[in-house]
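[1] got a structure for you, letters missing:
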Ligand SMILES: [Zn+2]
């Protein structure tokens, strides 16, 4: 059970990480994070371990009794990690677009996607957040050296620079029901796509 995953939220209830239950208990015991339950109540290690675990829960034997493995922790201390600018990388473009071809709307594996320049590079199109999108090979071929208008293709949405590094790289899917409310708050197309699955 100590390898099950626990979602870590920052103080604004935004998902920032996924850790193992073992690491989560270390954070809990050290007082750097608190448990968030389904009713959004928070618990420190002591109050959490006082709760009776039922047979249906994931539990670990700690402090001489079964302690429920939390699904979600919230950082109790200020998140000292500096907010870095989003790296303009192939990976982050695909994450921003949710591995969905921005022309046909279908979802693909990473290896089946291209980075398409909306205004072709051959015509002065820049390599920037606003001018590149994930595109499948078929759509890429169909579009060729044309603009979407010329190719009579429509973009799913206007691409923009993400406000923060897509957290999607750390958790490709919503693992537990208890994680869902926190991902609904993240304004990324990626998550919307995933939640429909
Ligand atoms: Zn496509």
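    Sure thing, it's come through. Since we're looking at a predicted model, the values are computed, not measured. Residues are numbered from 1 along each chain as shown.

[2] wait, what's in contact with the closest residue to residue 28 other than its chain neighbours?
    For residue 28, ignoring the flanking residues on the chain, the nearest one in space by CB to CB, 6 or more residues apart in numbering is residue 45 at 4.5 Å. Glycine gets a C-beta too; all of them are placed from N, C-alpha and C. Contacts for residue 45 (CB atoms under 8 Å, 6 or more residues apart in numbering) come out as 25, 28-29, 31.

[3] kindly report the same for residue 44.
    Contact analysis of residue 44 by CB under 8 Å, 6+ apart lists 28, 31, 34-35.

[4] distance of it from residue 18?
    Counting by CB to CB, to the nearest Å, the separation of residue 44 from residue 18 is 21 Å.

[5] also residue 132?
    Counting by CB to CB, the separation of residue 132 from residue 18 is 28 Å.

[6] neighbour-wise, which of these two wins?
    Between residue 132 and residue 18, counted using other CB atoms under 10 Å, residue 132 has the larger neighbour count: 24 against 17.

[7] what helix or strand is the residue nearest to the more buried one when sequence neighbours are not counted located in?
    Counting by CB to CB, 6+ apart, residue 132 lies nearest to residue 115, which is 5.2 Å off, once chain neighbours are set aside. In this assignment (DSSP states H and E), residue 115 forms part of strand 113-117.
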